[in-house]
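> okay, here's the prediction I keep looking at, along with the sequence it came from:
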Number of protein chains: 2
Amino acid sequence: MPTYSPGEIADKTGFSLDTLRYYERIGLLDDIARTPGGQRVFDDDDIAWLGILRCLRNTGMPIAQMRRYADLTRDERTMRERVELLEEHDREIGRRLAELAEQREHIRGKIRYYRSLDTAGEQE
Amino acid sequence: MPTYSPGEIADKTGFSLDTLRYYERIGLLDDIARTPGGQRVFDDDDIAWLGILRCLRNTGMPIAQMRRYADLTRDERTMRERVELLEEHDREIGRRLAELAEQREHIRGKIRYYRSLDTAGEQE
DNA sequence: CCTTGATCTGGAGCGCGCTCCAGGTGGCAC
DNA sequence: GTGCCACCTGGAGCGCGCTCCAGATCAAGG
């Protein structure tokens, strides 16, 4: 299995080195392998997990909830709870999509309004 | 034209009293009328403006950009720039909608995966 | 070896967007 | 008048999610 240095992982995942260390500190990331000298060594499983974190993060999940999810993944018997957590998050995303789309219409209405004024003003 | 106390406005707009004062301090809100004694008095125009702010904020516009928009509305000759600002924001919303929808699919895939494991596990 | 650049640690600091506080004033009901 | 609650001001504080720093160590090339 290939391994990667922290710098490579920062490039691949888009998380900064500081963020990777921060995530490890707060328990979002655990058991990152180390060289005998203490430098971190990542593998493809770590990349996959970071991909999940990136996805949850980008969809607005708070860190506290991601930690809860991370904790659940440490116990094999928590499939049900993981599904519940993700489903609640999915519903949250649904609400945000709906709100965003609705508010977008207001903004577009505003744009049309300005455009109409602008056109009217250019008639001279 | 009816007028409203700060408390009524907080109720109507969902902004807290502190946030209303904060918005006035940083220049998102100006010329709020006052009683002779110095208490704020809002009117329907203020409510409309706060509605716009609420919309921009709910769609993730940073305060710095809302300030820029607020500044533009103080000059009649800035219709073009206002439209540009709103259109850029509209595009930003579009990007966020697309990203949210895409990542949601990943999460749903994850849910389906857990579900399949769960069902398999229940066969005993 | 020695250099050089990547990485290590613990802890302080930051930017955003509010939120809270102390101490004082306004204004309406009684 | 007198309560009493709403509201005022300036400024400090907070929660989140990183981000930066100092000073030390590691690892690979020459």
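Structure received. Numbers count the residues shown, from 1 in each chain, chains lettered A, B, ... in the order given.
> from now on I want contacts and neighbour counts done on CA atoms only, so please keep to that.
Noted.
> if you count contacts, what does the helix or strand of chain A with the lowest mean pLDDT end up packed against?
Among the helices and strands of chain A, helix A:79-121 carries the lowest confidence by mean pLDDT, DSSP states H and E, at a mean of 93. For helix A:79-121, the contact count by 3 or more C-alpha pairs under 8 Å, 6 or more residues apart in numbering or on different chains; DSSP states H and E identifies helix A:63-72, helix B:44-58, helix B:79-121 as packing neighbours.
> need those helices in TSV (columns: mean neighbour count and distance to B:Pro6).
Putting those into TSV (neighbours: other C-alpha atoms under 10 Å in any protein chain shown; distance: least, C-alpha to C-alpha, whole Å) gives the following:
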stretch	mean neighbour count	distance to B:Pro6
helix A:63-72	16	34
helix B:44-58	16	11
helix B:79-121	15	28
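> to DNA strand C, which of those helices lies closest?
Among the helices and strands packed on helix A:79-121, helix B:44-58 comes nearest to DNA strand C, with 6.5 Å by C-alpha to the nearest atom of the strand.
> out of the helices and strands packed on helix A:79-121, flag the one nearest A:Thr35.
Between A:Thr35 and those, the tightest spacing by C-alpha to C-alpha is seen for helix A:63-72, at 24.1 Å.
> let me have the helices and strands packed on helix A:79-121 in TSV, extended by distance to A:Arg80.
Formatted as TSV, the entries for the helices and strands packed on helix A:79-121 read as follows, by distance: least, C-alpha to C-alpha, whole Å:
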stretch	distance to A:Arg80
helix A:63-72	10
helix B:44-58	32
helix B:79-121	7
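> which of the ones you listed sits closest to DNA strand D?
When the helices and strands packed on helix A:79-121 are compared by C-alpha to the nearest atom of the strand, helix A:63-72 sits nearest DNA strand D, at 3.9 Å.
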